[in-house]
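>>> Below are the sequence and a predicted model; questions follow.
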Amino acid sequence: MDWRAALIETAWNLAFIVAIVAPLMLCVAYLTLWERKLIGWMQIRIGPNRVGPLGLLQPIADGVKLLLKEIIVPTNADRGLFILGPILMIMPALAAWAVVPFAPEVVLANINAGLLYLMALTSMGVYGVIIAGWASNSKYAFLGAMRSAAQMVSYEIAMGFALVVVLMVSGSLNLSDIVNAQGRGMFASMGINFLSWNWLPLLPILVVYFVSGIAETNRAPFDVVEGESEIVAGHMIEYSGMAFALFFLAEYMNMILISTLTAVMFFGGWQPPIDSQLFNAVPPFAWLLLKVFVIVSLFLWFRATFPRYRYDQIMRLGWKIFIPVTLIWLAVVGAWMQTRWSIWS
Amino acid sequence: MFEAVLFYIFATVLVVSAVAIITVRNPVHAVLCMVLCFFTTAGLWLLLRAEFLAIALVLVYVGAVMVLFLFVVMMLDVNVEQLRAGIWKNLPLALVVGGIMIFEMVALLARQVFGGLAPREAGPGYSNTKELGMLLYTDYAYPLEVAAVILLVAIIAAIALTLRRRKDTRRPAPAEQIRARREERVRLVAMPAEKDE
């Protein structure tokens, strides 16, 4: 490969990365607004409505405020690691998008080990929290870091097993192949695609995956890491300004990522639910967007509905319920695939 | 050319971080250097077209093992002075062990056992993961299962060694409670009522 070809390819990739990250940042900004609006409506309030029409400029105002605030580093903090924490938090949240397929053939890196890559990167996210908690040199921050380390490591196992089941029925680690595999089957040939998607035969796995996803992103009702009432804001307590904003960016980006992955692995990705002319006319990307929007709204709905779990209950749910459920379903699906009633041939 | 540049970048970071592990004073910094070490090793493996091993290294070592390391090291109250005190006493042993390791590495690498370390060129449909799975579950099925059993024993042993019940609690034992029968606990005694004289 000569230098010019390499240069053009690099420039093309960079443009693609910008085309993913810039809309993603906008999505994160407006997800915060949507969260406040939706929870407001659920609690019979109207939510933010002062900045711009219908409060639509609220995220912009928030962003400007956070950008202009001073970043304070505590005197006894470990300065280098204190700054490294938020960076390590946002890095995997951004890098994971490299293998997400947005439409047929529209993916930054169409690699064979995509699912493994995702698991490896999501498991890196915990470092940001631990380092931030330790480097702050504060007891609350440290407690938050310890809680999150234990919680994320526990739920990663259930999540990993759930992904193994998906990988078994799809026969591939490539996310595009996983989507395509869901477009085949008895119901898909009858035109009702949505019954062929993975959510139906793998329903328990879907539940385990999604709930583990909520726990991995430290969202309510699993947000003991932040736990305002007991440890104030956990690992984020000493951060201000843009450093604080990075934690929030990472959290919301991870929410969107988990929703996208749920859509890709269980709800057929970019595929339309019914094979009809009207539905096929909608661009594939719009279907993915719609699915992600619905799933991400579930995160907010849960936050408005459930009270925070106690810490030992979180551990019990992860280790004693989710891991056995996934293991049993793994065996059931494995046995099912060997019989002649297998629907994945 | 491009890969060579990448290789030298990764190799430099790897060597620097490996040296930093044993030279930095703060144990938490040392663990983080080790994380960087694993990560750059994974990068080097990717350059050798071993994507499954590279990602598995990040997933298992960076994502799980080192988190627990960090967890423990952060909780420890390490006294650096005390650690440095024994260096001259332990130096001869360390030199011997290090010498043996260097000898072994040189003996292995000098004989070109890896066939010059050039990655095998593979076609576009080639999947490293699939290839590895095929080998592991056919030719090496029994060694794999033996390894799995050994790991399982280790897991159970680790739990058994650390699982301790407090002896001074008054936690009720449900099994014993259920086993109890009315006849064992209650004795009805018929006594004639006392009469007033």
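It's in. Everything numeric here is computed off the predicted structure, so don't read it as measured data.
>>> By mean pLDDT, point me to the weakest helix or strand of chain B.
Within chain B, no helix or strand scores below helix B:80-85, which has a mean of 68 by mean pLDDT, DSSP states H and E.
>>> Pull the contacting residues for A:Leu298.
A:210, A:259 (Cβ atoms under 8 Å, 6 or more residues apart in numbering or on different chains). For glycine as for every other residue, the C-beta is placed from the backbone atoms N, C-alpha and C.
>>> Regarding it, what is its secondary structure?
helix (DSSP: H, G, I helix; E, B strand; the rest coil).
>>> all helices for chain B, in order.
If you assign secondary structure with DSSP state H, the helices in chain B sit at B:2-23, B:27-47, B:51-57, B:66-75, B:80-85, B:87-110, B:128-137, B:141-162, B:174-179, B:182-185.
>>> Any residue of the third one touching chain A?
Pointing back at helix B:51-57 there. Yes - between helix B:51-57 and chain A, judged by Cβ under 8 Å from any Cβ of the partner chain, the touching residues are B:51-52, B:55-56.
>>> can you list contacts of that helix?
Here helix B:51-57 has contacts from A:111-113, A:116-117, A:120, B:38, B:41-43, B:45-46, B:128-129, B:132, using Cβ under 8 Å, 6+ apart.
>>> Quick one: neighbours of the residue lying closest to A:Gly47 once chain neighbours are set aside, just the number.
Closest residue to A:Gly47 apart from its sequence neighbours, by Cβ to Cβ, 6 or more residues apart in numbering or on different chains: A:Gly40 at 3.0 Å. A:Gly40: 16 surrounding residues under other Cβ atoms under 10 Å in any protein chain shown.
>>> now swap in A:Gly85 and tell me
Residues near A:Gly85, counting by other Cβ under 10 Å: 30.
>>> Could you look up the SS state of the closest residue to it other than its chain neighbours?
Nearest non-adjacent residue to A:Gly85, counting by Cβ to Cβ, 6+ apart: A:Ala132, 3.1 Å away. Following three-state DSSP, A:Ala132 is assigned to helix.
>>> shouldn't A:Ala132 be in contact with A:Pro86?
Yes - between A:Ala132 and A:Pro86 there is a contact under Cβ atoms under 8 Å: 6.6 Å.
>>> more crowded one of these two?
A:Ala132 (32 against 25).
>>> Chain A contacts on chain B?
B:1-2, B:26, B:28-29, B:32, B:35, B:51-52, B:55-56, B:58-59, B:62-64, B:67-68, B:70-71, B:74, B:127-130.
>>> Find the centremost residue of the chain, please.
This is for chain A. Centroid-nearest residue in chain A, with Cα atoms, centre = their mean: A:Ile258, separated by 2.4 Å.
>>> Correction: the question concerned chain B.
B:Val65 (4.4 Å).
>>> ok and the residue in chain A nearest chain B?
A:Ser123 (2.8 Å; Cβ to the nearest Cβ).
>>> give the contact list for that residue.
Here A:Ser123 is in contact with A:152, A:156, B:58-59, B:62-64 (Cβ under 8 Å, 6+ apart).
>>> Count the neighbours of B:Val146 for me.
Using other Cβ under 10 Å: B:Val146 sits among 11 other residues.
>>> do you know how far it is from B:Leu152?
Distance of B:Val146 to B:Leu152, computed by Cβ to Cβ, to the nearest Å: 11 Å.
>>> And A:Leu31, by the same measure?
For A:Leu31, the distance to B:Leu152 - Cβ to Cβ - is 43 Å.
>>> ok, these two, which is more surrounded?
Neighbour comparison, A:Leu31 and B:Leu152: the larger count goes to A:Leu31, with 21 against 10 (by other Cβ under 10 Å).
>>> Need the nearest residue in space to the more buried one, chain neighbours excluded.
A:Leu31's closest residue in space is A:Tyr252 (Cβ to Cβ, 6+ apart), at 5.2 Å.
>>> likewise B:Tyr61?
That would be B:Phe38: by Cβ to Cβ, 6+ apart, it lies 4.8 Å from B:Tyr61.
>>> do A:Asn110 as well
A:Ser176 (6.1 Å).
>>> That neighbour: which element?
helix A:175-182 (DSSP states H and E).
>>> Show me how far that helix is from its chain's centre.
How far helix A:175-182 lies from its chain's middle: 19 Å, per Cα atoms, centre = their mean, to the nearest Å.
>>> Residues touching it, excluding its own?
A:99-101, A:104-105, A:107, A:110, A:114-115, A:118, A:166-167, A:169-172, A:188, A:196-198, A:264-265, A:268-271, A:344.
>>> give me that answer again for 7 Å
A:99-101, A:107, A:110, A:114-115, A:166, A:170-172, A:196-198, A:264-265, A:268-271 (Cβ atoms under 7 Å, 6 or more residues apart in numbering or on different chains).
>>> residues in contact with the closest residue to chain A within chain B?
Per Cβ to the nearest Cβ, B:Gly63 is where chain B lies closest to chain A, at 2.8 Å. Contact partners of B:Gly63, counting by Cβ under 7 Å, 6+ apart, are A:120, A:123-124.
>>> Look up how far A:Gly133 lies from it.
For B:Gly63 relative to A:Gly133 (Cβ to Cβ), the value is 18 Å.
>>> counting contacts, what elements does the lengthiest helix in chain A pack onto?
As assigned by DSSP H, the longest helix anywhere in chain A is helix A:3-42. Here helix A:3-42 touches helix A:58-68, helix A:241-266, helix A:284-305, going by 3 or more Cβ pairs under 7 Å, 6 or more residues apart in numbering or on different chains; DSSP states H and E.
>>> Pick the most deeply packed of those.
Most buried of those, by mean neighbour count (mean count of other Cβ atoms under 10 Å in any protein chain shown): helix A:241-266, with a mean of 23.
>>> distance between the very next helix or strand once past that helix and the chain's centre?
Where DSSP H and E defines the elements, the next helix or strand beyond helix A:241-266 is helix A:277-281. Helix A:277-281 sits 29 Å away from the centroid of its parent chain (Cα atoms, centre = their mean).
>>> Helix or strand: which one has A:Ile72?
Per DSSP H and E, there is no helix or strand for A:Ile72.
>>> Ramachandran angles for it?
phi -100, psi 130 (degrees, to the nearest 10).
>>> same thing with the one 4 residues further on?
With angles defined as degrees, to the nearest 10, A:Asn76 sits at phi -90, psi 10.
>>> confidence score at it?
For A:Asn76, the model assigns a pLDDT of 82.
>>> Now it. Nearest residue, chain neighbours left out?
Here the residue nearest A:Asn76, using Cβ to Cβ, 6+ apart, is A:Asn137, at 4.7 Å.
>>> same check, this time on B:Leu59
A:Ala120 (4.2 Å).
>>> and the one you found, what is it in contact with?
Going by Cβ under 7 Å, 6+ apart, the list of residues near A:Ala120 reads B:55, B:58-59, B:63.
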